[in-house]
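Participant: no sequence on this one, just coordinates:
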Ligand SMILES: O=P(O)(O)OC[C@H]1O[C@H](OP(=O)(O)OP(=O)(O)O)[C@H](O)[C@@H]1O
Ligand SMILES: O=c1[nH]c(=O)c2nc[nH]c2[nH]1
């Protein structure tokens, strides 16, 4: 997605610890036109698989995921990182490691909104090591939902997440690909 690649080239900042800051586009401020185009691009790509639900993780996955869900006209379910008192049992859970806040994070999705009838496309903001998506996919397996595909806004190719998730046997589509950021930020279109 060329508009996203251009925006990352303009605004992306490489921070210590191998973190790319794109807070002006994805992780703090959101740009409606760019977010809409993310959703339309994912929707075009995944519509032939006929998903009936989009699943993501709070918090930064929600914007591209709702843009996708709105275009496809299907519900969006997001995994919560704290279990609210309103959440109905049985609950599917998993743990992941937060890349931007540190520490282990618990993930919760209620069986009220995810089950064997669901044909799911997962959307998230970053594909880096693939650990977070692996945790989410584990929750889909607990629920009996079918995973059809994975879409991420930014892929950090050099972290190898795509290869680590290859055993899932589903298409992975990303919108911008960070080839490397050690010797200057190198961003190309996703794949
Ligand atoms: O492929 P991985 O190595 O697992 O990294 C990707 C994950 O890291 C970020 O989560 P984080 O908890 O840092 O942030 P968020 O609260 O902004 O969603 C991001 O939102 C992805 O979910
Ligand atoms: O803002 C972010 N920048 C990153 O480099 C990253 N990697 C995983 N998750 C991330 N979030």
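Facilitator: Structure received. All values reported here derive from a predicted model rather than from experimental measurement. Numbers count the residues shown, from 1 in each chain. Ligands and ions are numbered 1, 2, ... in the order given.
Participant: bridging residues for residue 77?
Facilitator: Per DSSP bridges, residues listed as beta-bridge partners of residue 77: residue 55.
Participant: In contact with it, which residues?
Facilitator: Going by Cβ atoms under 8 Å, 6 or more residues apart in numbering, residue 77 touches 53, 54, 55, 56, 109, 113, 114. Where you see a C-beta, it was placed from the backbone N, CA and C, and this is true even at glycine.
Participant: Would you quantify the distance from it to ligand 2?
Facilitator: From residue 77 across to ligand 2, the span is 21 Å (Cβ to the nearest ligand atom, to the nearest Å).
Participant: Tell me what the most centrally placed residue in the chain is bridged to.
Facilitator: The chain has residue 124 as the residue nearest its centroid, 0.9 Å off, counting by Cα atoms, centre = their mean. Taking DSSP bridges as the rule, residue 124 bridges to residue 152.
Participant: Test my guess that it contacts residue 154.
Facilitator: No - contact between residue 124 and residue 154 fails when scored by Cβ atoms under 8 Å: they sit 9.5 Å apart.
Participant: How about residue 121, nearest residue that isn't a chain neighbour?
Facilitator: Spatially, and ignoring its direct neighbours in sequence, residue 121 is nearest to residue 51 (4.3 Å; Cβ to Cβ, 6 or more residues apart in numbering).
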